[in-house]
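J.: one predicted model, sequence on top.
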Amino acid sequence: AQSVTQLGSHVSVSEGALVLLRCNYSSSVPPYLFWYVQYPNQGLQLLLKYTTGATLVKGINGFEAEFKKSETSFHLTKPSAHMSDAAEYFCAVTKGAAGNKLTFGGGTRVLVKP
Amino acid sequence: DTEVTQTPKHLVMGMTNKKSLKCEQHMGHRAMYWYKQKAKKPPELMFVYSYEKLSINESVPSRFSPECPNSSLLNLHLHALQPEDSALYLCASSQETAGTSTDTQYFGPGTRLTVL
């Protein structure tokens, strides 16, 4: 069975500071990894995903994530936080074989301080 | 157009009511999903339709009944719900590329359901 762990249910950053959200996965097969963002009272929006190839993945809104197989991690970063980054962020995984079943981590709520 | 629409945005129903949630996409996607999201929790998969056939049912109680009338529409019929079923119900769709699970799922804004 696969699972995803997000370290830290809440993260507080100052505007302009680095945003770092941690995600570790456990999977018996090579995983496909996703980061989604959910703004208040909205659905989820894909930030980026890793499938194969380059391990550093760039996404929308200045976010990027690096797949590290040796550490079973897929941490999300943004060099400079903006007030509009305040939201809930979910890491998710699907298994390598066919089947589009997303398994989500517990989520990390980001608060951006002015 | 990468939009998934859901109606209604809000729904309040009694435990004896019958209601339906609707989801629509016009991206040509052939996989559609229902998720349930409780407050401060991640979405939990309920059902997956692939090419209009139910492919995954995550042991959801029978008071939730999904329906996929065509490739663009997905319904969730609700009957005899319990207060603990109050949640945000999210619909999503994806391309359903054969033999892979890398397709991006596009989510609608959700229906916030309150069961009294």
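T.: Alright, I've got the coordinates.
J.: the residue most central in space within chain A pairs with what?
T.: With distances taken as Cα atoms, centre = their mean, the residue of chain A nearest its centroid is A:W35 (3.5 Å). Taking DSSP bridges as the rule, A:W35 bridges to A:L48, A:C91.
J.: sheet partners, orientation included, of the helix-or-strand element of chain B with minimal mean pLDDT?
T.: Here the helix or strand of chain B ranked lowest by mean pLDDT, DSSP states H and E is strand B:53-57, holding a mean of 89. Here strand B:53-57 has these sheet partners by DSSP bridges: strand B:44-50 (antiparallel).
J.: the strand it pairs with - what's its average pLDDT?
T.: Mean pLDDT, computed over strand B:44-50, is 93.
J.: now stretch B:61-69
T.: Mean predicted lDDT for stretch B:61-69 stands at 96.
J.: quick one: is it near chain A?
T.: No. Applying Cβ under 8 Å from any Cβ of the partner chain, one finds stretch B:61-69 separated from chain A by no less than 15.0 Å. No exception for glycine: its C-beta is placed from N, CA and C like everyone else's.
J.: low-confidence stretches in chain A?
T.: Scanning chain A for pLDDT under 70 picks out the ranges A:1-2, A:28-30, A:95-99.
J.: so which bits of it are right by chain B?
T.: A:32, A:34, A:36, A:41-46, A:49, A:51, A:90, A:94-102, A:104-107.
J.: and the residue nearest to the spatial centre of chain B, how far is that from chain A?
T.: Nearest to the geometric centre of chain B sits B:W34, at 2.5 Å (Cα atoms, centre = their mean). Per Cβ to the nearest Cβ, to the nearest Å, B:W34 is found 12 Å from chain A.
J.: in PDB, list the C-alpha atoms belonging to the helix or strand encompassing that residue.
T.: Assigned by DSSP states H and E, B:W34 belongs to strand B:31-37. Taking C-alpha atoms only, strand B:31-37 is exported to PDB below (Å, rounded to 0.1, in the frame of the first residue of the first chain):
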ATOM      1  CA  ALA B  31     -12.500   9.500 -16.300                       C
ATOM      2  CA  MET B  32     -14.600  11.200 -13.700                       C
ATOM      3  CA  TYR B  33     -14.400  11.100  -9.900                       C
ATOM      4  CA  TRP B  34     -16.400  11.900  -6.700                       C
ATOM      5  CA  TYR B  35     -14.400  12.900  -3.600                       C
ATOM      6  CA  LYS B  36     -15.700  13.700  -0.100                       C
ATOM      7  CA  GLN B  37     -13.700  16.300   1.900                       C
END
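J.: I appreciate the help and will end here.
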